[in-house]
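1. I would like the atomic coordinates for the input below:
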Amino acid sequence: MKRTEEEFEYNAMAVEKSVPMLKVRAHFGLTRDPFGRISGRRDIFRSEKYKESMAQIADWIREGEIFCVIGNIGSGKTTLIGDLMQSAMARRPEYADLELIHVGHPDRENMGVGSTIYPAIQMHFSSTLGTTVCQVPGNAQRRYIWLKQLLGQTLADRSVCLLIEEAHRCPGAYLKALKEFTEIGWATRESMLAIGIIGHPSVEGTLKRFARDVYDRVRVGNKFVRNVSEMHADEVIAYLKHRCGKCGNANVFHPGAARVIARVASTPLGINRMAWAGMGAAWRAGAKQVLVRHVTEGFTVPELVERLNLGVSWLAAQTGVSKGAVSATLNNKYTGDADKVNRLIRGVCDDILHSNGAGLAEGAFVNMKGGQTASERRQRAACAQK
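-> Just a heads-up that it's a prediction; the model follows:
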């Protein structure tokens with residue numbers, strides 16, 4: 001079974017050997033770190049999934065829905081929400097009707113709707129909109145009426161959304177209480193507030209267990225956005241050119257090296273990590289462009305075989321070693337000369353990868369059926385059907 005990107009361990013420690021960032025940047029003619037924090041909207045690479053996610057979230061906000069943006073660290077959650085907020089604040093045409101209120105980094109020791117959401121709304125009105133807001137009432141019922149009037153009188157022509165960041169840190173009772181905000185109405189407007197829940201994938205389990213009514217509402221219509229910045233292979237290549245180009249040199253990565261990165265990583269964090277490791281290896285080698293061999297320096301032999309989807313029978317035929325020895329070596333169970341078998345297998349992988357693109361077409365990279373036995377092909381087909 002194929003492992004996910006999170007489960008797939010890229011042995012970056014083999015190549016990340018105290019690389020001086022300033023020297024590497026100067027070596028490649030880069031004015032700043034191409035894979036550091038995004039400094040503005042121009043730095044953002046917007047994949048098709050990213051664009052679709054932004055448009056979908058804007059639509060949910062207009063409908064006053066509860067939705068979730070979930071993903072692991074580096075999956076693009078914060079970038080997307082920041083991009084959406086900047087677009088709304090700048091009154092860009094497609095987002096000019098949105099008013100986004102950020103409720104970030106909640107404190108577990110002082111977690112409550114009254115201590116987090118109402119102060120965030122008050123601060124938003126006073127700092128962002130320049131509106132003088134009276135003190136938030138202490139009584140829960142009065143707070144509800146206060147908010148209803150505030151939204152109805154000030155933002156009746158806009159779609160307002162509360163964005164709850166770091167939601168995986170929130171207790172279930174807090175998440176359950178969010179539903180009441182979506183029931184606020186004013187005049188003919190039945191719903192005046194949308195709720196965006198942003199956090200680690202574990203927040204889905206918390207909702208399902210402790211805030212079932214919120215979870216059911218999100219699940220209807222599948223109002224989940226997962227791994228917003230996930231990219232397919234062509235987008236990864238474009239992403240590398242985009243980020244490096246914004247820093248002065250769009251040709252840091254050879255197309256073949258970019259394709260290898262695209263095969264292993266699909267989210268910004270994973271891509272950035274591999275990209276820097278490859279740049280470090282190229283810098284140590286004195287190369288002015290990152291080639292395939294620089295990127296693959298950090299892979300173990302089993303990882304290369306898995307990512308190239310090579311069959312054991314095909315490898316045995318190419319290396320002249322028995323299938324049993326190849327299989328045992330890949331599973332770290334060979335009692336013979338495992339180093340020799342590993343060198344032979346890596347040599348086969350190098351023949352494919354070091355062609356810098358000629359051997360990395362989709363068919364050569366994935367379709368290795370010709371090197372598998374009939375039983376192996378049947379087994380793969382049976383697994384696919386399951």
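
2. Quick check: Thr116 touching Val103?
-> Yes - with contact defined as CB atoms under 8 Å, Thr116 and Val103 form a contacting pair (5.8 Å). Quick note: C-beta positions are derived from backbone N, CA and C, even for glycine.

3. Compare the two (neighbour count), which wins?
-> Regarding Thr116 and Val103, a neighbour count based on other CB atoms under 10 Å identifies Val103 as having more, with 25 against 20.

4. And the strands in the chain, which stretches?
-> Residue ranges of the strands in the chain, as given by DSSP state E, are 66-70, 98-103, 159-164, 193-199, 224-226.

5. In a markdown table, list those along with distance to Asn251.
-> Listed next are the strands of the chain as a markdown table, based on distance: least, CB to CB, whole Å:
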| stretch | distance to Asn251 |
| --- | --- |
| strand 66-70 | 34 |
| strand 98-103 | 38 |
| strand 159-164 | 38 |
| strand 193-199 | 36 |
| strand 224-226 | 33 |
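
6. Can you check which of these gets nearest to Gly324?
-> Nearest of the strands of the chain to Gly324, taken as CB to CB: strand 224-226 at 40.6 Å.

7. Check which helices and strands that closest one sits against.
-> Judged by 3 or more CB pairs under 8 Å, 6 or more residues apart in numbering; DSSP states H and E, the packing partners of strand 224-226 are helix 48-62, strand 66-70.

8. partners of that strand in the sheet?
-> strand 66-70 (parallel) (DSSP bridges).

9. Can you add distance to Glu297 and mean pLDDT and give the strands of the chain back as TSV?
-> Below are these laid out as TSV (distance: least, CB to CB, whole Å; pLDDT from 0 to 100):
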stretch	distance to Glu297	mean pLDDT
strand 66-70	33	94
strand 98-103	41	88
strand 159-164	41	89
strand 193-199	35	91
strand 224-226	31	92
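
10. buried stuff in stretch 242-258?
-> For stretch 242-258, a neighbour-count test (16 or more other CB atoms under 10 Å) marks His242, Arg243, Cys244, Lys246, Cys247, Asn249, Val252, Phe253, His254, Gly256, Ala257, Ala258 as buried.

11. For Gly205, the count of nearby residues, please.
-> 12.

12. residue contacts, Thr79?
-> Counting by CB atoms under 8 Å, 6 or more residues apart in numbering, Thr79 makes contact with Ile38, Ile44, Val228, Ser229, Pro268.

13. So the first one versus Ile70, what's the distance?
-> Right, the one you point to is Ile38. Distance of Ile38 to Ile70, computed by CB to CB, to the nearest Å: 20 Å.

14. out of those two, which sits in the busier spot?
-> Between Ile38 and Ile70, Ile70 has the larger neighbour count (other CB under 10 Å), namely 22 against 17.

15. My guess is that one contacts Lys77. True?
-> Yes - Ile70 is within contact range of Lys77, at 7.4 Å (criterion: CB under 8 Å).

16. nearest to Lys323, of the helices and strands packed on strand 224-226?
-> For the helices and strands packed on strand 224-226, proximity to Lys323 was assessed by CB to CB; helix 48-62 is nearest, at 39.9 Å.

17. quick check: longest helix of the protein.
-> Criterion DSSP state H: the longest helix present in the chain is helix 268-285.

18. Give me the number of neighbouring residues for Asp59.
-> 12.

19. now swap in Leu163 and tell me
-> 22.

20. just to revisit the earlier point, give me the buried stretch members for the longest helix of the chain, please.
-> 268-283.

21. What's the mean pLDDT across it?
-> Regarding helix 268-285, the rounded mean pLDDT is 91.

22. Take it, keep the C-alpha atoms, and write them as PDB.
-> Coordinates of each C-alpha in helix 268-285 appear next as PDB, following Å, rounded to 0.1, in the frame of the first residue of the first chain:
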ATOM      1  CA  PRO A 268       4.400  23.600   0.300                       C
ATOM      2  CA  LEU A 269       6.200  22.400   3.400                       C
ATOM      3  CA  GLY A 270       7.300  19.100   1.900                       C
ATOM      4  CA  ILE A 271       8.400  20.700  -1.400                       C
ATOM      5  CA  ASN A 272      10.300  23.500   0.500                       C
ATOM      6  CA  ARG A 273      12.200  21.000   2.600                       C
ATOM      7  CA  MET A 274      13.200  18.900  -0.400                       C
ATOM      8  CA  ALA A 275      14.100  21.900  -2.400                       C
ATOM      9  CA  TRP A 276      16.400  23.300   0.200                       C
ATOM     10  CA  ALA A 277      18.100  20.000   0.700                       C
ATOM     11  CA  GLY A 278      18.700  19.700  -3.000                       C
ATOM     12  CA  MET A 279      20.100  23.300  -3.200                       C
ATOM     13  CA  GLY A 280      22.400  22.500  -0.300                       C
ATOM     14  CA  ALA A 281      23.700  19.400  -2.100                       C
ATOM     15  CA  ALA A 282      24.200  21.300  -5.300                       C
ATOM     16  CA  TRP A 283      26.100  24.100  -3.500                       C
ATOM     17  CA  ARG A 284      28.400  21.600  -1.900                       C
ATOM     18  CA  ALA A 285      29.100  20.000  -5.300                       C
END
